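Peer 1: what would the 3D arrangement of this be:
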Amino acid sequence: MGDRLGVISAILGILGFPLAIIAMFSREGKAKSHKVTFGLIAAGLIAACVTLLAIKYIPARGMTGAAKPPARPAPSSLDRVLREGRVSVGAEPFAITADDAGVWVANREANSVSQLDPKANRLLHTISVGKNPVAVVADAGSIWVASNSAGTITRIDERSRRPIWVARVGTAPAGIAIALGQVWVTDAIANRVYVLDQASGRVRGSVSVGRDPVSIVYGNEFLWVTSVDDNRVEKLDPRTRRVVAQVDLGKELLQTTFSAGALWLTAPSDNRVLRLDPDSLTVRNRNGIIFPIRSFLGMIVSCRLIGLRSSLLWLPGWGRCCLD
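Peer 2: Numbers count the residues shown, from 1 in each chain. Predicted coordinates:
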């Protein structure tokens, strides 16, 4: 833009100055009208030339003549995650876990589990499971899947990728955890936690908990059950099979994980994650609560389904799984 202004001002100057000279040295009489005309034209051209030169070279309030594009902000960690790679999996990936054999994604609409290679960033295998798989856990060389609509728990061998057993459990299994050689399954309708034998899949007992228990996780030698309708977290002793403590957080809670000596819970109504101290059962930094999470199509998907292992962060999206 500045170069164009310079060229135009030069042309106007070349045209204006000769006309000014002609006007100055033209004779009186018949040429008087031409003298006035040439003078006005020359003055106009010279004024335009000076104006364009001023626009080109005189800065205006911090500008240097040419408009500079605004500096791009430094990319956030989440932006870098989303750019690293995407792996297509089954329809509606809903739950995720990871171990040495790879990353495992439960696809709720496709009724399958996808195995991903985190190094090659690609899909390895797809395994069919019961209808509406909503939870997946990797432990003891097996993959454990809770299929809500089918009312089943499926144990899959990691090496052969074939089911070892399929057990019918309760009415609507929603969450699953492995602790002390047993399988612990929440039932969102019966409001109970069922205890299964790890080797056979047989039900060995159950524990009554809050309403709509959707999540269960093992950490700090206890099981932690999240009840959605009660906005409650219950501390369950796996040795005695009794609830030893509970805390009402007054917020809608959804999913839970245990890491870095604390219990982490998603709170969809606030789009935030809560950090609960397992000993005092208090939320640290209640108002500032850790960090926000994003929603997609009205569902919280990013922190609800986080799997952390070997510095990898996996965030399932709708139909895809993102890798960092």
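Peer 1: would you map the helices across the chain?
Peer 2: In the chain, the helices defined using DSSP state H lie at 2-25, 32-57, 77-84.
Peer 1: where among the ones you listed is average confidence lowest?
Peer 2: Lowest mean pLDDT of the helices of the chain: helix 77-84, a mean of 50.
Peer 1: residues touching Asn231, list them.
Peer 2: If a contact means CB atoms under 8 Å, 6 or more residues apart in numbering, then Asn231 has Asp248, Leu249, Gly250, Lys251, Glu252, Leu253 as its contacts. Heads up, the C-betas are built off the backbone N, CA and C, glycines and all.
Peer 1: which residues of the stretch 51-200 of the chain fall in strands?
Peer 2: 86-88, 93-99, 102-107, 112-117, 122-128, 133-139, 142-147, 152-157, 163-168, 173-179, 182-187, 192-197 (DSSP state E, counting those that start in this stretch).
Peer 1: of the ones you listed, give the one that comes closest to Pro268.
Peer 2: Nearest to Pro268 among these is strand 93-99; the distance by CB to CB comes to 14.4 Å.
Peer 1: in its sheet, what does the closest one sit against?
Peer 2: Counting by DSSP bridges, the strands paired with strand 93-99 are strand 102-107 (antiparallel).
Peer 1: which regions of the stretch 51-200 of the chain lie under the pLDDT threshold?
Peer 2: Filtered on pLDDT under 70, the stretch 51-200 of the chain yields the residue ranges 51-85.
Peer 1: got the buried residues for stretch 97-116?
Peer 2: Buried residues in stretch 97-116, defined by neighbour count with 16 or more other CB atoms under 10 Å: 97-99, 102-108, 110-116.
Peer 1: before we move on, back to that, okay, who's weakest in the contacts of Asn231 by pLDDT?
Peer 2: Scoring the contacts of Asn231 by pLDDT puts Lys251 last, at 80.
Peer 1: quick check: chain neighbours aside, which residue is closest to it?
Peer 2: Ala267 (4.6 Å; CB to CB, 6 or more residues apart in numbering).
Peer 1: distance check, the nearest residue to Gly102 once chain neighbours are set aside against Ala135.
Peer 2: Excluding the flanking residues, the one nearest Gly102 by CB to CB, 6+ apart is Gln115, at 5.0 Å. Applying CB to CB, to the nearest Å, the value for Gln115 to Ala135 is 16 Å.
Peer 1: okay, domains of this protein per the record?
Peer 2: Here the domain parsing of the chain from automatic domain parsing is 2-57, 77-323.
Peer 1: now do the same end-to-end measure for stretch 184-198.
Peer 2: Taking CA to CA, to the nearest Å, the first and last residues of stretch 184-198 lie 9 Å apart.
Peer 1: what's in contact with it?
Peer 2: Contacts of stretch 184-198 (CB under 8 Å, 6+ apart): 140, 146, 148, 153, 167, 169-178, 181-183, 202-216, 218, 223, 225, 227, 236, 238, 241.
Peer 1: and the buried ones among those, selectable in ChimeraX?
Peer 2: A single ChimeraX command is used to select the members of these judged buried by 16+ other CB under 10 Å:
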select :146,148,153,167,169,170,172,173,174,175,176,177,178,182,183,203,206,207,209,210,212,213,214,215,216,218,223,225,227,236,238,241
